[in-house]
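A.B. asks: Sequence and predicted model, in that order:
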Amino acid sequence: MLLLSTFILGTIGNILKELDTYYVRGTAGLDALAMRAELIDNGAGPLSMISSVIYPFGYFPLLIYLGTPWIKRSRTVLFLTLILFLVPSLDALVLLSRSSLMVGLAMIYFGIALTSYSGQMFPKPMRWPGLLSVLGLGAISAIVFTERLDGMGIDPVDSIYMSAYGYTVTPTAWAERGLRTGSDFLASFLTASLPLFQYYTHSFFEFQLLWLNNDHQVHSYGLLHLDAYVKALSIFGLAKQVDVMEIFPRVGVFTSLFGPLWVDFAWAAPLITMLCGFCARRLGVASARGDIGAQPLYTFLCVVLFFAPVTDFLLSKGMYTLNAAIIFWVISRGFARSIVTIRESN
């Protein structure tokens, strides 16, 4: 029942999302950069909001299937749920978006670890697949970044110095020599890898710059993380979205999980993080007991915590996924009790 319901909701949500992206907002036939620009210029409409709310339910059927051993095993069901799970990641590839791609692939890893290996984050059977997945994600990220640079007509080496990430994470003297006068292999390796290191490490230093702006910081008091709701109200003229240019000293960069929390909630941010940690712990215990309703929510929180040193995946599309996971958890309370009872009896 839960698997079928979430599969139908997720399928409808993804179909509406594709219709909105390619036809309502007129991006069909455009290249990736033109699509991104068109989506920003056209803004979100009612169809976009509806699809954003329900498409994350497409993540859950695969987790339900893997976490419920008494569901009849079927390659067809496994294949369909996996395809539905990967649709947002495939969309991210088309739009050359690394963040959305990371969320989808990380949810697969943590979901399998949680549902098939009792919550062990690095079980022995998953170590090699996990390592290969990280290397694959790095390679895909490098390819996506290179394609975006080609579309903008920017040399990859120049981007290492010109990008927003390069402001705080600059190449060492050894890396500069390797880029300019090193062997072809070394220069190619550094050209591909340095932007990745900048992408994943610059948030530490950007948070320091944000913190140094403490005396002049403008806080949004929840509007940043609740942007999904504010955006829906803004369509009807009932609210105004927060301007990130006014609350962040530097835009287009990551400031870890804690930067957006500080900007949004000021000194209440530590309390928010402790509350999230408490909820994550309770959800982890429930998931280990076989609570199917808690497992998608806990899986997503694992992704959020894993990438906490880099960025805040509770923002933007992440909030839609969180909303869907909370709704699923609430609706599944009755189902979860019966599932736990069955497991304990076995």
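C.D. replies: Nice, thanks for sending it over.
A.B. asks: Quick check: the residue lying closest to Pro123 once chain neighbours are set aside vs Thr168, distance?
C.D. replies: What sits nearest to Pro123 in space, not counting adjacent residues and going by C-beta to C-beta, 6 or more residues apart in numbering, is Tyr117, at 4.0 Å. From N, CA and C alone the C-beta is placed, and that goes for glycine too. Using C-beta to C-beta, to the nearest Å, Tyr117 is found at 37 Å from Thr168.
A.B. asks: Who has more neighbours out of these two?
C.D. replies: Thr168 (18 against 14; other C-beta atoms under 10 Å).
A.B. asks: out of everything not next to it in sequence, what's closest to the more buried one?
C.D. replies: Closest to Thr168 by C-beta to C-beta, 6+ apart is Phe205, at 3.7 Å.
A.B. asks: Chain neighbours aside, what residue packs nearest to Tyr55?
C.D. replies: Per C-beta to C-beta, 6+ apart, closest to Tyr55 is Gly13, 3.2 Å.
A.B. asks: Same question for Ile272.
C.D. replies: Phe265 (5.4 Å).
A.B. asks: Give me the helices and strands touching the helix or strand harbouring Ile327, please.
C.D. replies: Assessed by DSSP states H and E, Ile327 sits inside helix 317-331. Under the contact definition 3 or more C-beta pairs under 8 Å, 6 or more residues apart in numbering; DSSP states H and E, helix 317-331 sits against helix 46-54, helix 60-67, helix 98-116, helix 227-235, helix 294-306.
A.B. asks: quick one on the thing from earlier: what does the residue nearest to Thr168 show for phi and psi?
C.D. replies: Main-chain torsions, Phe205, degrees, to the nearest 10: phi -80, psi -30.
A.B. asks: shouldn't it be in contact with Thr170?
C.D. replies: No. Phe205 lies out of contact with Thr170 (C-beta atoms under 8 Å); the separation is 10.3 Å.
A.B. asks: my guess is Val169 meets Leu196, correct?
C.D. replies: No. Counting by C-beta under 8 Å, Val169 stays clear of Leu196, with 11.0 Å between them.
A.B. asks: So for those two, which residue has more residues nearby?
C.D. replies: Neighbours per residue (other C-beta under 10 Å) separate Val169 from Leu196, with Val169 holding more: 20 against 17.
A.B. asks: how far away is the more buried one from Leu194?
C.D. replies: 9 Å.
A.B. asks: Could you give me the buried positions within the helix holding Ile327?
C.D. replies: 317-325, 327-329 (16 or more other C-beta atoms under 10 Å).
A.B. asks: what's the weakest-modelled helix or strand in the protein?
C.D. replies: Counting by mean pLDDT, DSSP states H and E, the chain has its least confident helix or strand at helix 333-345, which shows a mean of 57.
A.B. asks: what's the neighbour count on Ala294?
C.D. replies: Ala294: 25 surrounding residues under other C-beta under 10 Å.
A.B. asks: which element is the closest residue in space to it that isn't next to it in sequence on?
C.D. replies: Among residues not flanking Ala294 along the chain, Ala286 sits closest, at 4.0 Å (C-beta to C-beta, 6+ apart). Remark: Ala286 resides in helix 269-288, with elements defined by DSSP H and E.
A.B. asks: quick one: Ala92 and Ile331, what's the gap?
C.D. replies: Computed as C-beta to C-beta, the Ala92 to Ile331 distance reads 27 Å.
A.B. asks: What's the per-residue pLDDT of the nearest residue to Ser118 once chain neighbours are set aside here?
C.D. replies: In space, and not counting its chain neighbours, Ser118 is closest to Ala288: 6.5 Å by C-beta to C-beta, 6+ apart. Looking at Ala288, its pLDDT reads 81.
A.B. asks: Next one: Ala288 from Leu96, what distance?
C.D. replies: In this view, Ala288 and Leu96 are 38 Å apart by C-beta to C-beta.
A.B. asks: neighbour-wise, which of these two wins?
C.D. replies: For Ala288 versus Leu96, the count of surrounding residues by other C-beta under 10 Å is larger for Leu96: 20 against 14.
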